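> below are the sequence and a predicted model; questions follow.
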Amino acid sequence: MVQLQAAVQDVFDRSHIAAAYQPIVDMAYGEVVAVEALARWPRLSISPETAFSVAREAGRVDELDNACQRAALEGLRGSNLPPGFCVFVNVEPVGSVDALTERTTGPKLMAEITERALLRDPARLLRSVARMRDRGCGIALDDVGAVPDSLAMLPLLAPDVIKLDISLVQDGLTPTKLAF
């Protein structure tokens, strides 16, 4: 546990965080229409899930989330993305959105919020979503369907993009799977 805490402490040093960009492809045309920025720690042997889990336990998820957002935005500096190109940036439902809301130029940002913790602090989530929308960010929900109770938040969040949980599409999408 001590080694894990030391590794997570190293994660908080933004110089260890790097962004990897996963393409989002329009299947009808085979064209990359957006990218998703993913936080990675190439010099450390720790997964993002583990880092965020330990950060939550330590009460430092805002700090880590902000550092990951900043790394994603810094990785885009100097890129020649076409006009209207969209970058999805992962945001913790109860994390900070300071990095996203401070940015004023660059590609269209889509704050991608995982459904898995939407119900942890709904009031804070709604305030964060309002701030992001006010600053021009779109809202995407990830893992929709993983936690059926959180579907009640869909009308309140009014996401621009909904990404279904893999469990819904893994073996083909059926009406039964969509009947939460």
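Great, that's in hand.
> would you map the strands across this protein?
For the chain, strands defined by DSSP state E occupy the ranges 18-26, 31-40, 86-91, 108-114, 138-144, 161-164.
> what residues are recorded as beta-bridge partners of the most centrally placed residue in the chain?
Taking Cα atoms, centre = their mean as the criterion, N90 is the residue nearest the geometric centre of the chain, at 1.3 Å. As for beta bridges, N90 partners with E112 under DSSP bridges.
> on that earlier part again, adding distance to S53 and mean pLDDT, write the strands of the chain out as CSV.
C-beta here means a position set from N, CA and C on the backbone, and glycine is covered the same way. Shown next, in CSV, are the strands of the chain (distance: least, Cβ to Cβ, whole Å; pLDDT from 0 to 100):
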stretch, distance to S53, mean pLDDT
strand 18-26, 20, 87
strand 31-40, 14, 88
strand 86-91, 15, 89
strand 108-114, 13, 86
strand 138-144, 16, 88
strand 161-164, 22, 85
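> compare those and report which one is nearest to M132.
Nearest to M132 among these is strand 108-114 (4.9 Å), distances taken as Cβ to Cβ.
> quick one: list the elements packing against the closest one.
For strand 108-114, the contact count by 3 or more Cβ pairs under 8 Å, 6 or more residues apart in numbering; DSSP states H and E identifies strand 86-91, helix 122-134, strand 138-144, strand 161-164 as packing neighbours.
> distance of E36 relative to A140?
Distance of E36 to A140, given as Cβ to Cβ, to the nearest Å: 9 Å.
> with neighbour numbers in mind, choose between those two.
Relative neighbour count places A140 above the other of E36 and A140, with 24 against 21, counting by other Cβ atoms under 10 Å.
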